[in-house]
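Asks: Sharing a sequence plus its predicted fold:
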Amino acid sequence: MDKKELAIRLHDKKYNCCQSVACAFCEEVGVDEQILFKAGEGFGLGMGCMEGTCGAVSGAVMLAGFKNSDANLESPGTKAATYGLSAQLMAAFEQRCKSTVCKELKGVDTGTPLCSCQNCICTGVELVQEMLGL
């Protein structure tokens, strides 16, 4: 099964959009699925009931940290590079989905959705594969 299918299957099991993207790559980043599930729980529904950043791109950014961080607690040396990678993920997601804000993606104020949750999840997965090489 490919990663997009896996992420959609997870979403169908009631994982939120962040959890769906992040947990689809638990093996690749060497993190237990339950830990990624817990870490991603607060990022669902656009952080703040659709007011904030889409969970699917939040999951991709979370994976950027797992992939890129040197995990050096005394003298972190990878933050700037990870921040840059995160900015690239956000920009690419916005270009493909026309926003990074859940409320805008769902068309809450306009009545015109820009992108469905499934498409946001698939875009998040694609970006993880393309930009993080996972």
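Replies: Alright, I've got the coordinates. Everything numeric in this text was worked out from a predicted model, so none of it was measured. Residues are numbered from 1 along each chain as shown.
Asks: Who's the closest spatial neighbour of the residue nearest the centre of the chain, skipping the chain neighbours?
Replies: Residue closest to the average C-alpha location in the chain (CA atoms, centre = their mean): Gly59, at 2.3 Å. With sequence-adjacent residues excluded and distances taken as CB to CB, 6 or more residues apart in numbering, Gly59 is closest to Val21, at 3.2 Å. C-beta: built from backbone N, CA, C; applies to glycine.
Asks: CA atoms only for the helix or strand hosting that neighbour, dumped as PDB, please.
Replies: Per DSSP states H and E: Val21 is located in helix 17-23. Provided in PDB are the C-alpha atoms of helix 17-23 (Å, rounded to 0.1, in the frame of the first residue of the first chain):
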ATOM      1  CA  CYS A  17      -5.200  15.100   9.400                       C
ATOM      2  CA  CYS A  18      -1.900  15.600  11.200                       C
ATOM      3  CA  GLN A  19      -1.900  12.200  12.800                       C
ATOM      4  CA  SER A  20      -2.800  10.600   9.400                       C
ATOM      5  CA  VAL A  21       0.200  12.200   7.600                       C
ATOM      6  CA  ALA A  22       2.700  11.800  10.500                       C
ATOM      7  CA  CYS A  23       1.700   8.200  11.400                       C
END
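Asks: How is the residue nearest to the centre of the chain assigned, secondary-structure-wise?
Replies: helix (DSSP: H, G, I helix; E, B strand; the rest coil).
Asks: check contacts around it.
Replies: Cys17, Cys18, Gln19, Ser20, Val21, Ala22, Gly40, Phe43, Gly124 (CB atoms under 8 Å, 6 or more residues apart in numbering).
Asks: ok, now Lys3?
Replies: Ala24, Phe25, Val125, Val128, Gln129.
Asks: Next, count neighbours for Ala92.
Replies: The local packing of Ala92 (other CB atoms under 10 Å) involves 17 other residues.
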